[in-house]
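Asks: need coordinates for the below:
(one chain, ligands or ions: 2)
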Amino acid sequence: MGSDVVWHAHKVCREDRELQNEHRACLLWFTGLSGSGKSTVAGLVEEKLHAMGKRTYLLDGDNVRKGMNRDLGFTDEDRIENIRRIGEMSRLFVDAGIITLSAFISPFRSERQSVRELLGGNDFIEVFVDTPLTTCERRDPKGLYQRARDGLIKNFTGIDSPYEAPQSPEVHIINDGIDPDAAAEQVISYLVANKYI
Ligand SMILES: Nc1ncnc2c1ncn2[C@@H]1O[C@H](COP(=O)(O)OS(=O)(=O)O)[C@@H](OP(=O)(O)O)[C@H]1O
Ligand SMILES: Nc1ncnc2c1ncn2[C@@H]1O[C@H](COP(=O)(O)OP(=O)(O)O)[C@@H](O)[C@H]1O
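Replies: Ligands and ions are numbered 1, 2, ... in the order given. Here you go, the predicted model:
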């Protein structure tokens, strides 16, 4: 930030917005391989929260990679910038008093850690959607794994680009052989047990 740009302290603050919403805000950060079930589980968690009267917003590929981040591809450098921008945007949503859900592969530990630090306190909740690569490849809903195996897509996560699994996620979902609704309930239980909702 330039030294002549001064942060303006507005009168209405996050706490006021949270009081009006009657719940606190936080960031649910879903990470996992392509096809692991991030969007499915995050979508179900959002539906459940919405039905409980909570204010929510789900950030995912459709509203981010096709819009704000459409200039970014899948090199390590572009993924780092993708996550940095999503982290900043998530922080604004949380400041707006909203339970924010972000569903991106976010393959690098250091970038996830940076978002955790950016949010601070216990606003950042890492949700590891842990599904074996073999299962993701079998699901392959968009045919991308097959294309990556055929050498038609380069830098594909899990094939020729790394995925660094979380070491101590707040929520660890083994999303293989379970009903996605049960996976979503695991997240809701965490929020209740830790008094987020
Ligand atoms: N090379 C490569 N590697 C991984 N994924 C690829 C690639 N090319 C396109 N796609 C599609 O883009 C989706 C992943 O985008 P993300 O923004 O979540 O990725 S990242 O967090 O920046 O690593 C991912 O969506 P999901 O399957 O929903 O995870 C893919 O559909
Ligand atoms: N627990 C589950 N059991 C079986 N299939 C699942 C489960 N969770 C998700 N899926 C399916 O796996 C595919 C990939 O899910 P998706 O949510 O798009 O993953 P991601 O967002 O991580 O790429 C979809 O076809 C979805 O219906």
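
Asks: would you mark the buried spots in stretch 167-187?
Replies: Neighbour-count burial for stretch 167-187 flags 169-171, 173, 175-176, 180, 183-187 (criterion: 16 or more other CB atoms under 10 Å). All C-beta atoms are positioned from the backbone trio N, CA, C, and that covers glycine.

Asks: now the two most distant members of those.
Replies: Spatially, the most separated pair among the buried residues of stretch 167-187 is 170 and 176, at 19.8 Å (CB to CB).

Asks: so which of the buried residues of stretch 167-187 sit within helices?
Replies: If you go by DSSP state H, those have 180, 183-187 in helices.

Asks: can you narrow these to ones near ligand 2?
Replies: Restricting these to those within reach of ligand 2 (CB under 6 Å from any ligand atom) leaves 180, 183.

Asks: tell me which other helices or strands the lowest-mean-pLDDT helix or strand in the chain touches.
Replies: Lowest on mean pLDDT, DSSP states H and E among the helices and strands of the chain sits helix 61-63, with a mean of 86. With contacts defined as 3 or more CB pairs under 8 Å, 6 or more residues apart in numbering; DSSP states H and E, helix 61-63 has no helix or strand neighbours.

Asks: all strands of the protein, in order?
Replies: 26-31, 56-60, 99-103, 124-130, 171-174 (DSSP state E).

Asks: can you put the ones you listed in TSV and add distance to ligand 1?
Replies: Below are the strands of the chain laid out as TSV (distance: least, CB to the nearest ligand atom, whole Å):
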stretch	distance to ligand 1
strand 26-31	8
strand 56-60	7
strand 99-103	7
strand 124-130	10
strand 171-174	15
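
Asks: could you give the bridge partners of residue 58?
Replies: Residues in a beta bridge with residue 58, per DSSP bridges, are residue 101.

Asks: coming back round to it: tell me if the least confident helix or strand of the chain is near ligand 1.
Replies: Yes: Helix 61-63 is in contact with ligand 1 by CB under 6 Å from any ligand atom, via residue 61.

Asks: do that helix and ligand 2 meet at all?
Replies: No: using CB under 6 Å from any ligand atom, helix 61-63 never reaches ligand 2; the gap is at least 7.6 Å.

Asks: how far is the longest helix anywhere in the chain from where the chain is centred?
Replies: Longest helix of the chain, by residue count under DSSP H: helix 76-95. For helix 76-95, the separation from the chain centroid amounts to 10 Å (computed by CA atoms, centre = their mean, to the nearest Å).
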